[in-house]
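Enquirer: need coordinates for the following:
(one chain, ligands or ions: 1)
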Amino acid sequence: MAASILRRVSRGRGLGIPGLSGVLPLGLREAHSGAQELLAMQKARGLFKEFFPERGTKTELPELFDRGTAGNFPQTVYCGFDPTADSLHVGHLLALLGLFHFQRAGHNVIALVGGATARLGDPSGRTKEREALEAERVRNNARSLRQGLKALAANHQQLFANGRTWGNFTVLDNSAWYQKQDLVDFLAAVGGHFRMGTLLSRLSVQTRLKSPEGMSLAEFLYQVLQAYDFYYLFQHYRCRVQLGGSDQLGNIMSGYEFIHKLTGEDVFGISVPLITSTTGAKLGKSAGNAVWLNRDKTSPFELYQFFVRQQDDLVERYLKLFTFLPLPEIDHIMQLHVKEPEKRGPQKRLATEVTKLVHGQEGLDSAKRYRMITEGGVSINHRQVTNPESVLVVGQHILKNGLSLLKIGKRNFYIIKWLQL
Ligand code: YSA
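Expert: This is a model prediction of the structure:
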């Protein structure tokens, strides 16, 4: 049985990928020009922080993305998201943007929902064990995350492509390959390839072992599952690159070592920086400071406001990280800002770009309407309305004759006739 889990192992053999074609349509080829600069460009934007391994490999990481030298163009890149809540948050968005940049350069990307791994709880970057999550709750969260990822990918394609064709965006769930996995078979086939010394040396493990409550076996085995995922995606989707926040590097290294040992092939890891709050805590669910991407948890207006409130010293960095705006355009926006700081031009542009990506044009319009109201830009029958949730009252907002005079901004007047009161 051990053979079936690792059955596709073969040194240097060509790998078949279900559903992925090796031949590129012409439109896509055009989109690839300059793709070899992808890594350098994202490093310059501050989005890609570390590359692993940096040297000593047969083919170096930048060559993978160079159509001229790599036999495997386009590449496949993945990033995992554990469904520990029913929504993605702004921290996850950065990792997702990393995937989008690869997709824009013509590569295929996989957003992997950790329907299985979320049951164990990733110890990376944590000082305490995660609360154990019920199978049912994880399943519901995973469904929500898959929907959220697909909606974001659709907004990206519709609103930020300018008619260009990119690589594929695929959403998978690792419960698909662990659900029916026999434990003994798995440990027998996979367990023997991991050395305890290496696993114990990971920072995530060391930190947790030194904590007063120690570390559970489930958490300890987490990195083995993430390493196996990488191997699985390498075998089935020819995926050679895993992307993640810098807290993920230890888990990515475990994947590298596992794949290298079994196949002799090199795979790579790329990290994005961790977004922190003003107090320095990683922005996310655990620190209780998450800004959610699901509109039922954080409305489009609240998301917009989060970005519009960013301080001057952070806004340029966030424009580079969270938007697709070219660097010269960001420079220009910042130059204008020096002349007219009170207009908060960069903050508004940042908030607009992110809200559009996350909630689409409709979400952005709704955020802007809310903002207009809260800033006192709307009045009904000459009374300012500053609460977007206000209930309209007959006799006050709606005159007895069924009419309202709506004023938006300084010059836009509308007469509304209510047909039913
Ligand atoms: C990865 C690979 C697998 O094969 C299976 C599961 C995983 C999930 C991974 N172990 C994990 O727990 N990720 S996460 O759900 O906590 O976050 C998803 C991604 O967003 C990670 O790459 C994480 O580093 C990143 N992230 C989370 N908060 C962030 C952030 N990136 C930047 N800033 C933040 N505040």
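Enquirer: so where's this protein shaky on pLDDT?
Expert: Low-confidence segments of the chain, defined by pLDDT under 70: 1-4, 7-36, 68-71.
Enquirer: mind checking the longest helix of it?
Expert: Counting residues, the longest helix in the chain under DSSP state H turns out to be helix 345-374.
Enquirer: so which bits of it are buried?
Expert: The neighbour-count check on helix 345-374 (16 or more other C-beta atoms under 10 Å) flags 345-360, 363-364, 366-371, 373 as buried. Quick note: C-beta positions are derived from backbone N, CA and C, even for glycine.
Enquirer: excluding chain neighbours, give the residue nearest to whichever residue of the stretch 151-300 of the chain sits closest to the ligand in space.
Expert: Relative to the ligand, the nearest point of the stretch 151-300 of the chain is Gly245 (2.1 Å; C-beta to the nearest ligand atom). Excluding the flanking residues, the one nearest Gly245 by C-beta to C-beta, 6 or more residues apart in numbering is Leu274, at 5.2 Å.
Enquirer: point me to the helix or strand that includes that neighbour.
Expert: Assigned by DSSP states H and E, Leu274 falls within no helix or strand.
Enquirer: neighbours of it, just the number please.
Expert: Leu274: 18 surrounding residues under other C-beta atoms under 10 Å.
Enquirer: residues contacting it?
Expert: Gly91, Gly125, Gly245, Ser246, Asp247, Lys282, Leu283 (C-beta atoms under 8 Å, 6 or more residues apart in numbering).
Enquirer: one more time with 10 Å
Expert: Contacts for Leu274 were tallied using C-beta atoms under 10 Å, 6 or more residues apart in numbering; they are 49, 91, 94-95, 125, 245-248, 281-284.
Enquirer: before we move on, what about Gly80?
Expert: Taking C-beta under 10 Å, 6+ apart as the contact definition, Gly80 lies against 95, 110-114, 117-118, 122, 172, 174, 225-226, 229-230, 233, 242-244, 248, 251-252.
Enquirer: quick one: which of the contacts of Leu274 is most hemmed in?
Expert: Sorting the contacts of Leu274 by how many neighbours each has (other C-beta under 10 Å) puts Gln248 first, at 26 neighbours.
Enquirer: skipping adjacent residues, who's closest to it in space?
Expert: The spatial neighbour of Gln248 that comes closest, neighbours along the chain excluded (C-beta to C-beta, 6+ apart), is Ser124 at 6.1 Å.
Enquirer: correct me if wrong: that neighbour contacts Asp247.
Expert: Yes: taking contacts as C-beta atoms under 10 Å, Ser124 lies within contact range of Asp247: 4.5 Å.
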